[in-house]
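*Asks:* pasting the structure only:
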């Protein structure tokens with residue numbers, strides 16, 4: 001049986017990092033113990049392939065291996081159970097707000113909610129084959145009592161008299177170059193375009209409350225350690241109906 005790491009992964013010595021990664025994923029799926037129950041030969045090959053990828057996927061370890069062979073990386077572990085120790089992947093599950101774009105000059109309307117970032121520890125086999133994870137987070141959700149408007153039941157928000165419902169204030173000032181016009185969020189309504197005379201008692205006019213919720217995160221097969229997953233629209237809701 002081949003012991004050269006490149007031969008184990010069935011790639012050339014000059015293979016690119018992407019080629020090495022693709023070869024490893026293919027072999028890991030074929031040789032995984034869950035697909036070969038009781039097959040000791042497949043289990044041993046799986047361990048060897050995992051060890052080869054561990055070394056060749058790291059530029060420094062690969063350089064030492066290319067120069068000195070296994071003697072150059074003998075202190076880096078090896079053998080052992082591929083499901084134990086440092087094989088777990090750390091995945092950042094990033095729950096974006098309603099808009100995939102941030103920054104810039106915001107449009108009129110209630111401010112958007114904050115993004116949430118959660119770190120999920122994924123075992124090696126789940127990173128290879130993919131899985132689903134339930135993640136519990138404390139976040140701002142829409143207030144049920146006022147349906148997110150921030151106004152008490154039986155009342156409705158009124159159009160802001162400062163910005164006439166646009167949510168924006170236009171300021172003109174004189175400079176050496178002439179008139180300078182700037183547009184900012186309305187200081188009275190916070191950009192919502194509406195004012196609340198009778199705030200909701202549950203959310204105190206915010207239109208949102210903080211709760212612990214469960215979110216399903218789909219982990220794609222072959223995900224890399226440290227990779228960020230973005231779930232658009234799953235972040236905290238903004239005040240008074242903001243996304």
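*Replies:* Looks like it came in fine. No experiment lies behind these values; they were computed from the predicted model shown. Numbers count the residues shown, from 1 in each chain.
*Asks:* got a list of what residue 62 touches?
*Replies:* With contact taken as C-beta atoms under 8 Å, 6 or more residues apart in numbering, residue 62 is in contact with 55-56. All C-beta atoms are positioned from the backbone trio N, CA, C, and that covers glycine.
*Asks:* what secondary structure does it sit in?
*Replies:* Put simply, residue 62 is helix when judged by DSSP: H, G, I helix; E, B strand; the rest coil.
*Asks:* Now do the same for it: its pLDDT.
*Replies:* Listed pLDDT for residue 62 reads 89.
*Asks:* Mind splitting this structure into its structural domains?
*Replies:* Each structural domain of the chain that the record assigns through automatic domain parsing is listed here as a residue range: 5-87, 89-147+200-241, 158-195.
*Asks:* Endpoint to endpoint, the shortest one covers what distance?
*Replies:* Taking C-alpha to C-alpha, to the nearest Å, the first and last residues of domain 158-195 lie 5 Å apart.
*Asks:* Would you single out the least confident of the domains of the chain?
*Replies:* Among the domains of the chain, domain 89-147+200-241 carries the lowest mean pLDDT (a mean of 71).
*Asks:* The helix ranked longest in the chain: which residues count as buried?
*Replies:* Among the elements of type helix in the chain, defined by DSSP state H, the one spanning the most residues is helix 40-56. Buried residues in helix 40-56, counted by 16 or more other C-beta atoms under 10 Å: 42-43, 45-56.
*Asks:* Can you name every helix or strand that that helix contacts?
*Replies:* The helices and strands touching helix 40-56, judged by 3 or more C-beta pairs under 8 Å, 6 or more residues apart in numbering; DSSP states H and E, are helix 5-9, helix 17-31, helix 59-68.
*Asks:* Would you tell me which of those gets closest to residue 123?
*Replies:* With respect to residue 123, and counting by C-beta to C-beta, the nearest of those is helix 17-31 at 13.3 Å.
*Asks:* Now do the buried residues in the closest one.
*Replies:* 20-21, 23-25, 27-28, 31.
*Asks:* Same list (those) but as TSV, adding distance to residue 141.
*Replies:* As requested, the buried residues of helix 17-31 are arranged in TSV below (distance: C-beta to C-beta, whole Å):
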residue	distance to residue 141
20	44
21	39
23	45
24	41
25	38
27	44
28	39
31	44
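*Asks:* Go through these and name the one nearest residue 223.
*Replies:* Set against residue 223, the nearest of the buried residues of helix 17-31 by C-beta to C-beta is residue 25 (10.3 Å).
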